[in-house]
Structure formats: structure tokens, C-alpha cells
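**Student:** Build me a model from this:
(2 chains)
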Number of protein chains: 2
Amino acid sequence: MTIRVMHVGLGPIGVGVLKQVMARPGFEVTAAVDIDPEKAGQDVGEILDVDQKTGITVQGGLEAALAGHDADVVALCTGSTLPGIKSQLEAILGAGLPIVSTTEELSFPHFSNEALAGEIDKMARDAGVAVVGTGVNPGFAMDTLPIVLSAACETVDSVTVDRIQDASVRRLPFQKKIGAGLEPNDFRQKADRLEIRHVGLAESIAMIAAAFGWKLDRITDVIEPKIADEPVASNLISVDKGQVAGLIQDGVGFRDGEPIIRLHMEAYLGAPESYDAVRIEGSPTLYSKIEGGIPGDIATASVTVNTLPRALAAPPGLHTMRDLPIPSWWAGD
Amino acid sequence: MTIRVMHVGLGPIGVGVLKQVMARPGFEVTAAVDIDPEKAGQDVGEILDVDQKTGITVQGGLEAALAGHDADVVALCTGSTLPGIKSQLEAILGAGLPIVSTTEELSFPHFSNEALAGEIDKMARDAGVAVVGTGVNPGFAMDTLPIVLSAACETVDSVTVDRIQDASVRRLPFQKKIGAGLEPNDFRQKADRLEIRHVGLAESIAMIAAAFGWKLDRITDVIEPKIADEPVASNLISVDKGQVAGLIQDGVGFRDGEPIIRLHMEAYLGAPESYDAVRIEGSPTLYSKIEGGIPGDIATASVTVNTLPRALAAPPGLHTMRDLPIPSWWAGD
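**Tutor:** Okay, here's the model as predicted:
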């Protein structure tokens, strides 16, 4: 079996997904779409900066691409918010294609927009196909993993997840996205305008709470700059002492006024140790740590590609990682 | 919703499951069955050694218990092998009840007996209910967890799982099961007679291979005694230097002659550190470690109880942890 994939959105994440689908057995690129006029019309090989024509030309229009498609599934990597992708979901589901998307708010859309989640679910059922939002975070490191670990517990009192990343090794758009190199005031203004933020902590918290059957009072999501206390640099950005090296973001879910789910992210240039850690307080208390952390760029693409077979096998409707069979790498044979 | 559970088999694992079902919101004990004449006729409270009558009397006969049942699901904790539980599966499925079982070979029955797995699947479909084998190991620590972790990878070259346990803190039957206190020759004879062994490494290896789409040439499963190089004792057993402190067991899955899945267990009195570690070699390479390890006694019962809602929600047929939605603790509300 080879899964034929139409790629919609060729930003950094979309390109990461495209590269894996090209390289991995069991998957095949059949079409690629991006509205950027600089990309439309190019061969996919040129987009990937590989010395090889693929014969697949990037199309500028989604409707035209869908009209003549021979895909099994769409990898949708265009935006972070539900309203931003709604018309794309409509068009793709209208063409009867299942969707795996890296849209962060789609990872648990019941949180940000229950009504729209219901609409998407109905559209997917009407189309007879599945829709899933996923990625490494949200979708895996701070929700799926702690949920799975909790299965070993008879009681759970609280969940804490730390995702600490040295951003020096990440791509430039990521380093900019976390505010590296900004003055603290600029950081705060950009954060207020939602230009600097990780989208998905609230979705992950809501997914954990739903899995456990916890009813939360509220979810908070607070971003602070990580100020460099000495000069620090990646090979792309230099940060002076007192400037912003990156971000610290805390999502907290409260039940009966108590913080019961705490998701803590740090992503900054010069973080001394990258790791992902889950602590479940309960019986038993479990502490799991992934040394070096889960590398975000590869893993977002991996989780997305590894979810493609799940979307094809799932019953029609809107799904999340919470209700799909356990995720897995797949050799493609 | 309260899930009403009939408990079949009240050995140490069955009693652990029973205790959790009694204690946890969302679950209720409705019946208990054990063929041991010393248990049949007793109140469940006496079995648990709690100072409280439950009003539920342990029944000696499964057929009689099934005849008048008001249960939603059966927790079956009687044996380790498929042939040993076949008649019990038939009786329970004949009564139309779904089953979650700690029978190790049922965790991935396609390995030890594909024909019998097919029969069980057919019986379950005919009965319109689900059957699942699970537990902490097999079912979680050495199969579900590494499979889930692999979802962050674009390539996987090999998987190694280490489960290292200081057996001093485990119950006496476990300490005996691993051979603590035996002379090395006695250990080897008992291992040859299959009286000392952990059942499930081959099932876990087969489950990982099936998830990845790897075709294995063969699976090996080798048990060695861990010889005490100095005297060691739990509060239950004393081991002299030169005697057996516990077991070391290695399961290996080979593909094209190469060891590609390695599951390594050590369980002995005086192990300096208990932990569960997963190493996935690939892109990215991931190393995840649970400090202190997943405590086996609680966690086997937890995974089993946490799987009860999954079995009720699953379509009819034989399932494994590989094809059920991600496992999770559940608050029971």
C-alpha cells in the first residue's frame, strides 16, 4: 500500500512533511499547493532545494488542485487557528478527502471553538472521511505522552509537563517566532499582539482533562521573555545581555481553584539542556524524561506523516490524538 | 456512568484489580469468581483482608456466576496462556460479556497462536463484544510505550527497552516467581520446565513489529539467573552469595538476521536502581527513562482497570493495545 498525499501549505512545517512523504516508503507526493506566487509554478524539487525534478508542479489554487486530484489524503499545513483554515477544510472535505493538519487549534478544537468543532465533525461525516489535527506540540509531547503514561496509575492528582529546548539548533523562523534578539518591550508588545506565542498549550490541557474526565474551571496561558543574563548567539542570531533569548510559556489548568495540569515550555538560545519531562503525581507517581528532548522540526513532520495511515483507517468525523489508536512510526511495507 | 465489573480469578493480580475497582469512582464490583475452595463462599472483603463486608460472595463456578450476572464487563485474571483460558473465554463470551484480561499471551495472541486468535476474534464478534489482553508488561511498558514514542520518528532502525526492577519491594509470589533464593541449578531446571519465566516478551516484540510493519525472521526469549555476588535479602527472602537473586530475561526480534528489537528485563533482589528505559535508534534517536520504574503490581491492575472503558467502547472482536485508542487513567466522573 502506498498512501498518496496532497500537500497544502509549503511553509517550513509543510516542507518538512513533504520531505518525509517523498523520502519514506509507503508514501507518495501526488500534489502540492501553496498560495505564495513565488512557489506556485515551481517543481517541488526546487521548493525542497534538492537537485532533482519531481515532475510535480506546485499549484497556486486549492480548488483547481482538488478538481483533478488522485490523492488519498491531504496534509494541511497552512495556519494555526481554526477560523483561518475553515474554508480550506470545507474545500478539501467537499472533494471527499481525509485531512491530517498541523493546525494547532485543530489538535483539540473543542477547546477554542466547540461550535466550529461540531461543524467540522459534521462536514467530515458528510464527506465520509476523517479529520485530525496533530504535530509534536500540540498533539504529542505535552498531551498524548502524558495521557498514555497515566494509564499506569490508579489515581492521578496532577500532571506537570516540561518541554525545554535550546533554540540555537532550530531553524531561523522558529528562533524569530520565540522572540530571540528582541528588546524586552518589543517582545511584550509582540506577545500582546499574538505575534509571539506557542499555540496549543490550552488545547493540550483540554485534551488531558477530557481524557481523565476532569472538569476544569479555567485554563491560563502566559508568555514571558527569557532575558539573556549574558550574551548568547546561535549561528543565525546574536543576543546581547538584557535582550530576549527566547520565551517561557506556562499553560495551567485549574480544577476547584487548584492548578492540576501544568505545561511549562522554555525555548531560548543557550538553554543548557533540552529535554521533555512528564511528572504524574498520583499512585504511583511517575517521572519520565526524554534526554535531549524531542526535536521539534523533525518530530512535527513525523507525527503528522505517521498519522496519515490513522486518518485513512478512522471512521468518518473529527478526531483527535485522544481517540485514535496509539500512534506509531510505520515502515511503509 | 458506573462500570459494573465481574472479577474472574482472585490470585494476586486479580485481587489487585478487584481492589482498584472497589476503590475507584466510576467502577463497581458486581461479582467475584475463583475456583479455589478456600476463597469460594467468602465475602470479597475477607479476600481483600479489609474489615468490611461487601455483600458480594465469591462464587466457585464461572457458569453459575454468568447465569445470573448484572455485569458490564469481566476482568479475567486466571492464567498466562491462551489454551489455559480458552474455555473461560467461551463461557464469558457466550454470556455476551466483554473481557479485559491479564492473560499475557492474550496481549498479542497473533504471536503464539494465530489460529486461536482468529477463533477468539470470531467468538467475540458473534457475541457482539470486545476482548482485550493487557497489563503493565506485556501491554504497556515494553510495547505500548515504545510504539507511542516511535510516532515522533521519521525512521526507526532499532528499539531497545530495559525494564530493571529491584524485586525486594515486590510481593512474595513475585520474588519466588523470579527464582530468588534458589541454587543456580534449581533455577535452570525450573526455567526449563517454564516454572520460572516472565511471559510476554515475545508478544511485546511481535506487537512492536506489527505496529511498525516489520517482518521478523524469528524471536528469541532467553532466561538467565542473576547470581548474587554478595548476600542480599528482602524482608521476605534471604539470598546467600552464589545463590540466585532473581532473573535476567532477554527477548530479541530479528529481521534479516539482525537483532532489531531488544527487550531486556532484570528483576532481582538488590538491583541498585529500578527504571524503565526506551531507546529508539533512528531519526531522531530518542531515549526515554522513567526513574524508579513503573511499579509492576499497581500498574498491572491500573492498566487493566483503565482498559475497561476502552473494551466497552471498542467494536466487537479481539483487540490489542495496538489498535485501541490511546490508554489513559480515568477519574470516573
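**Student:** Would stretch A:287-304 count as contacting chain B?
**Tutor:** Yes - for stretch A:287-304 and chain B, the contact criterion (CB under 8 Å from any CB of the partner chain) is met by A:287-292, A:294-295, A:298-299, A:301-303. Any C-beta I mention is one placed from the backbone N, CA and C, and that applies to glycine too.
**Student:** center of chain A, which residue is that?
**Tutor:** The structure's chain A has its C-alpha centroid closest to A:Gly135; by CA atoms, centre = their mean the separation is 3.4 Å.
**Student:** Just the pLDDT for that residue.
**Tutor:** For A:Gly135, the model assigns a pLDDT of 98.
**Student:** for it, helix, strand, or coil?
**Tutor:** Three-state assignment for A:Gly135 (DSSP: H, G, I helix; E, B strand; the rest coil): coil.
**Student:** Please give me every residue in contact with it.
**Tutor:** A:Ile13, A:Thr102, A:Glu104, A:Ser107, A:Gly200, A:Thr300, A:Val303, A:Thr304 (CB atoms under 8 Å, 6 or more residues apart in numbering or on different chains).
**Student:** and of those residues, the nearest to chain B?
**Tutor:** Closest approach to chain B among the contacts of A:Gly135 (CB to the nearest CB): A:Val303, at 5.5 Å.
**Student:** Quick check: closest non-adjacent residue to that closest one.
**Tutor:** A:Phe140 (4.9 Å; CB to CB, 6 or more residues apart in numbering or on different chains).
**Student:** for that neighbour, helix, strand, or coil?
**Tutor:** Secondary structure state of A:Phe140, per three-state DSSP, is coil.
**Student:** tell me the contacts of it?
**Tutor:** Contacts of A:Phe140 (CB under 8 Å, 6+ apart): A:Thr134, A:Ile294, A:Ala299, A:Val303, A:Met321, A:Pro327, B:Ala151, B:Ala152.
**Student:** how many other residues sit next to the second one?
**Tutor:** Here the number of neighbours of A:Ile294 (other CB atoms under 10 Å in any protein chain shown) works out to 26.
**Student:** ok, now A:His198?
**Tutor:** A:His198 has 21 neighbouring residues, counting by other CB under 10 Å.
**Student:** For it, give its distance to A:Leu263.
**Tutor:** A:His198 is 10 Å from A:Leu263, where distance means CB to CB, to the nearest Å.
**Student:** Let me see the ranges of the helices in chain A.
**Tutor:** A:12-23, A:44-48, A:62-67, A:82-94, A:109-112, A:114-127, A:144-150, A:172-177, A:184-192, A:201-212, A:296-313 (DSSP state H).
**Student:** Nearest to B:Gly41, out of the ones you listed?
**Tutor:** Across those, B:Gly41 has its closest neighbour in helix A:144-150 (37.4 Å, CB to CB).
**Student:** Pull out the buried residues from that closest one.
**Tutor:** By neighbour count on 16 or more other CB atoms under 10 Å in any protein chain shown, the buried set for helix A:144-150 is A:Thr144, A:Leu145, A:Pro146, A:Ile147, A:Val148, A:Leu149, A:Ser150.
**Student:** Over to stretch A:84-104?
**Tutor:** Buried residues in stretch A:84-104 (16+ other CB under 10 Å): A:85-86, A:88-89, A:91-93, A:95, A:97-104.
**Student:** ok, those residues vs B:Arg188, which is closest?
**Tutor:** A:Val100 (51.6 Å).
**Student:** That closest one touches A:Thr304, doesn't it?
**Tutor:** Yes - in this structure, A:Val100 is within contact of A:Thr304 by CB atoms under 8 Å, at 5.7 Å.
**Student:** shared neighbours of those two, anything?
**Tutor:** The contact sets of A:Val100 and A:Thr304 overlap at A:Ala75, A:Thr134 (CB under 8 Å, 6+ apart).
**Student:** Stretch A:251-258 and chain B, are they touching?
**Tutor:** No - legend: contact between stretch A:251-258 and chain B by CB under 8 Å from any CB is lacking; minimum distance shown is 9.9 Å.
**Student:** what's that stretch in contact with?
**Tutor:** Residues from elsewhere that reach stretch A:251-258 (CB under 8 Å, 6+ apart): A:201-202, A:204-206, A:208-209, A:214-221, A:259-263.
**Student:** out of these, which are buried?
**Tutor:** Neighbour counting by 16+ other CB under 10 Å classes A:201-202, A:204-206, A:208-209, A:214, A:216, A:219, A:221, A:260-263 among the contacts of stretch A:251-258 as buried.
**Student:** quick one on the thing from earlier: show me which pair in the residues of stretch A:287-304 next to chain B is furthest apart.
**Tutor:** Going by CB to CB, the pair spanning these furthest: A:Tyr287 and A:Ala301, at 28.3 Å.
**Student:** Comparing those two, which shows the higher neighbour count?
**Tutor:** Taking neighbours as other CB under 10 Å, A:Tyr287 and A:Ala301 compare with A:Ala301 leading, 27 against 16.
**Student:** quick one: pLDDT of that one?
**Tutor:** In this prediction A:Ala301 is given a pLDDT of 98.
**Student:** pretty sure it is touching A:Gly16, no?
**Tutor:** Yes - look at A:Ala301 against A:Gly16 with CB under 8 Å: they come within range, at 3.7 Å.
**Student:** still on that earlier bit, list just the nearest of the buried residues of stretch A:84-104 to A:Ala115.
**Tutor:** A:Lys86 (11.5 Å).
**Student:** Now do the contacts for that closest one.
**Tutor:** A:Leu116, A:Ile120.
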